[in-house]
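In: got a predicted structure plus its sequence, pasted below:
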Amino acid sequence: MAENDDVPFNRNFPLKPGLVEEVRPGVRRVLCDNPSPFTFTGTVSYIIGNGKVAIVDPGPDSEAHAKALLDAVRGETVTHILVTHTHRDHSPNTARIKQATGATVYAEGPHRASRPRHESERHNPESGADRGFRPDIEVRSGDVIEGDGFRLEAVATPGHTANHMTFAWPERKMSFVGDHVMGWSTSIVAPPDGSMVDYMASLERLASRQAREASILHRLAKGEADIPTMVRAIYIGIDPRLVTAAGYSVLAHLEDLVARGIVATDGDPVIGGTYRLAS
């Protein structure tokens, strides 16, 4: 690959450790002072909401960072702690934040490898895995986590780790992707902890999901339609044996779009319903 074809990374990140920055309305971030070749300027924790809030990725085992996060939400109530994955730069501080706030911890699950370890591979205790982490609630792809003023959808994105989970906020058109995608570098995928096969499949699923939603909205922009009409417009040349399955896939997107107030239907969103863009 020619040098000018390389992925353009953004290494301009002036945020200082411990300071609180509002990056979007209802979203703040705090940088941990743990710079390294693997963390760039440090791990970034996010605070979602106002008044009653969620903290995403409390960071490494750091009293100073825990204090900075708790200072940032002083006078507010932390109701949720969301962890994208169980590496020691993202999840160990969860215990401190939970002890201080009593918030419920959501994550895909405990740390695990993407594949069995080969006999010739030695277990490396310095691999970066947080093997003691346990969430209060294990979430699966498609689960919805609701709080005061936010509604997040869990999207499984294995690859960087087997249990990597992205938290999408469709209403705001943003996602909290942990280390699945990084602006300053490519994501590290190190077997057996990670899997490039899983990583590439996750990227394709995220892109496909966004493209499918855009196709549905494009069709509805032309006028009201039922699901068979949308399937014909979106899945051109589909095997007739897959039409029913495609219809239910479209229904899954429509349920989400209706919940977000982007699409309207009469009554509940069902397979036999008719849909239109919300006015």
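Out: Sure, I can see it. Residues are numbered from 1 along each chain as shown.

In: can you give me the buried ones in stretch 64-82?
Out: For stretch 64-82, the neighbour count (16 or more other CB atoms under 10 Å) marks 65, 66, 68, 69, 70, 72, 73, 78, 79, 80, 81, 82 as buried. To be clear about C-beta, it is placed using only N, CA and C from the backbone, and glycine gets the same treatment.

In: which residues does the last one bridge with?
Out: Beta-bridge pairing for residue 82 (DSSP bridges): residue 56, residue 106.

In: residue 79 belongs to a strand?
Out: Yes: assessed by DSSP: H, G, I helix; E, B strand; the rest coil, residue 79 belongs to a strand.

In: apart from its neighbours in sequence, what residue is nearest it?
Out: Nearest residue to residue 79, sequence neighbours excluded (CB to CB, 6 or more residues apart in numbering): residue 52, at 5.0 Å.

In: state the distance from that neighbour to residue 73.
Out: 10 Å (CB to CB, to the nearest Å).

In: ok, now residue 159?
Out: Distance from residue 159 to residue 73, by CB to CB: 31 Å.

In: could you do residue 189 as well?
Out: 33 Å.

In: now stretch 114-128: mean pLDDT?
Out: Taken as a whole, stretch 114-128 has an average pLDDT of 69.

In: list the buried residues of stretch 265-279.
Out: Quick answer for stretch 265-279 (16+ other CB under 10 Å): 265, 269, 275.

In: in strands, which of these appear?
Out: 265, 275 (DSSP state E).

In: name the nearest of the buried residues of stretch 265-279 relative to residue 112.
Out: Set against residue 112, the nearest of the buried residues of stretch 265-279 by CB to CB is residue 269 (34.9 Å).

In: and the pLDDT for the closest one?
Out: 90.

In: likewise for the one 5 residues further on?
Out: Looking at residue 274, its pLDDT reads 97.

In: contacting residues for it?
Out: Residues in contact with residue 274 (CB atoms under 8 Å, 6 or more residues apart in numbering) are 224, 225, 226, 265, 266.

In: that one and residue 176, how far apart?
Out: 34 Å.

In: could you give the number of residues near the closest residue to residue 181 other than its chain neighbours?
Out: Among residues not flanking residue 181 along the chain, residue 187 sits closest, at 6.4 Å (CB to CB, 6+ apart). By other CB atoms under 10 Å, the residues close to residue 187 number 17.

In: mind checking how far residue 187 is from residue 73?
Out: Taking CB to CB, one finds residue 187 at 29 Å from residue 73.

In: the closest residue to residue 118 other than its chain neighbours: neighbouring residues, count only.
Out: Spatial nearest neighbour of residue 118, excluding adjacent residues (CB to CB, 6+ apart): residue 192 at 7.6 Å. For residue 192, the neighbour count with other CB under 10 Å is 16.

In: what's the helix or strand for residue 192?
Out: According to DSSP states H and E, residue 192 maps onto no helix or strand at all.

In: which of the contacts of residue 274 sits closest to residue 210?
Out: residue 225 (20.1 Å).

In: quick one, phi psi at the closest one?
Out: phi -150, psi 150 (degrees, to the nearest 10).

In: so what's it bridging to?
Out: residue 275.

In: pretty sure residue 206 is touching residue 155, no?
Out: Yes: the pair residue 206 / residue 155 is scored as a contact, 6.9 Å apart, by CB atoms under 8 Å.

In: gap between the residue nearest to the spatial centre of the chain and residue 41?
Out: The centroid of the chain falls nearest to residue 166 when counting by CA atoms, centre = their mean (1.6 Å). For residue 166, the distance to residue 41 (CB to CB) stands at 22 Å.
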